[in-house]
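Student: Coordinates for the following, if possible.
(chains A and B)
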Amino acid sequence: AQSVAQPEDQVNVAEGNPLTVKCTYSVSGNPYLFWYVQYPNRGLQFLLKYITGDNLVKGSYGFEAEFNKSQTSFHLKKPSALVSDSALYFCAVNQGAGSYQLTFGKGTKLSVIP
Amino acid sequence: DTEVTQTPKHLVMGMTNKKSLKCEQHMGHRAMYWYKQKAKKPPELMFVYSYEKLSINESVPSRFSPECPNSSLLNLHLHALQPEDSALYLCASSQESSGGHNEQFFGPGTRLTVL
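Tutor: Residues are numbered from 1 along each chain as shown, chains lettered A, B, ... in the order given. Sure thing, here's the model as predicted:
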């Protein structure tokens, strides 16, 4: 079975400071990892994914994530937070091999304080 | 066009009503999904269609009935719902692949309230 953990329900960061939203995963085999963002009363928007190759993945809106196989982590990062980054962030994993089933973490609410 | 559209945006229905949710995409995706999302919780997968055929049903009660009339459309027919079915219903689509590495594109959702 595959699973994702987002250990923080909420992350607060000052505008202009770097932000990190944490994610760890558990799968048998190689994982496909995703980050999505959800603004209030909206659907989920895809930010970035790790499939294979370079451990540092760059995505939309200046976000990036680092895949760490030894720590089974895929933390989302941004060098300088914007107030408009305030939203709910979901990490997700797909075990691949013909699976369509994304397993989502519980979500982390990011608040960027002006 | 990289958009998934959903109608209606909001829906209020009684427990004896029959209604339908609609989803449309024109990205040529051959996999389409229905999710249910409660407030501040992650989406829960309900159904997956692959090449217009139902491939996954996550033990969803029969009062929810999906339909995929063609490769661009996905419907969710609702009948005799319960108040606990009130939620945001999200549609998503992705390219068909055997690897599971394709990201899903989500619609804005239908906010359903069952009275």
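
Student: rest of the way, CA atoms for contacts and neighbours
Tutor: Noted.

Student: Not counting the helix or strand of chain B with the lowest mean pLDDT itself, show me its contacts.
Tutor: When each helix and strand of chain B is scored by mean pLDDT, DSSP states H and E, strand B:53-57 comes last, with a mean of 90. The contact list for strand B:53-57 (Cα atoms under 8 Å, 6 or more residues apart in numbering or on different chains) reads B:M46, B:F47, B:V48, B:Y49, B:C68.

Student: Name the helix or strand for the second one, please.
Tutor: Right, the one you point to is B:F47. Under the criterion of DSSP states H and E, B:F47 resides in strand B:44-50.

Student: export that strand as PDB, just CAs?
Tutor: The C-alpha coordinates for strand B:44-50 follow below in PDB (Å, rounded to 0.1, in the frame of the first residue of the first chain):
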ATOM      1  CA  GLU B  44     -11.200  10.900  -2.100                       C
ATOM      2  CA  LEU B  45     -11.300   9.000  -5.300                       C
ATOM      3  CA  MET B  46     -14.700   7.700  -6.300                       C
ATOM      4  CA  PHE B  47     -14.500   6.500  -9.900                       C
ATOM      5  CA  VAL B  48     -11.900   6.300 -12.700                       C
ATOM      6  CA  TYR B  49     -12.800   5.900 -16.400                       C
ATOM      7  CA  SER B  50     -10.200   4.800 -18.900                       C
END
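
Student: Can you tell me which helices and strands it packs against?
Tutor: Counting contacts by 3 or more Cα pairs under 8 Å, 6 or more residues apart in numbering or on different chains; DSSP states H and E, strand B:44-50 is packed against strand B:31-37, strand B:53-57.

Student: In contact with the closest residue to B:A92 other than its chain neighbours: list those residues for me.
Tutor: Spatial nearest neighbour of B:A92, excluding adjacent residues (Cα to Cα, 6 or more residues apart in numbering or on different chains): B:F106 at 4.2 Å. Residues in contact with B:F106, defined by Cα under 8 Å, 6+ apart, are A:G43, A:L44, A:Q45, B:E3, B:V4, B:L90, B:C91, B:A92, B:S93.

Student: want to try CSV for the contacts of strand B:53-57, with neighbour count and pLDDT as columns?
Tutor: Output for the contacts of strand B:53-57, formatted as CSV (neighbours: other Cα atoms under 10 Å in any protein chain shown; pLDDT from 0 to 100):
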residue, neighbour count, pLDDT
B:M46, 19, 96
B:F47, 24, 95
B:V48, 24, 93
B:Y49, 22, 93
B:C68, 19, 96
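
Student: Which one of those is nearest to chain A?
Tutor: Lowest distance from chain A to the contacts of strand B:53-57 (Cα to the nearest Cα) belongs to B:V48, with 7.8 Å.

Student: wouldn't the closest one be in contact with B:W34 here?
Tutor: Yes: between B:V48 and B:W34 there is a contact under Cα atoms under 8 Å: 6.7 Å.
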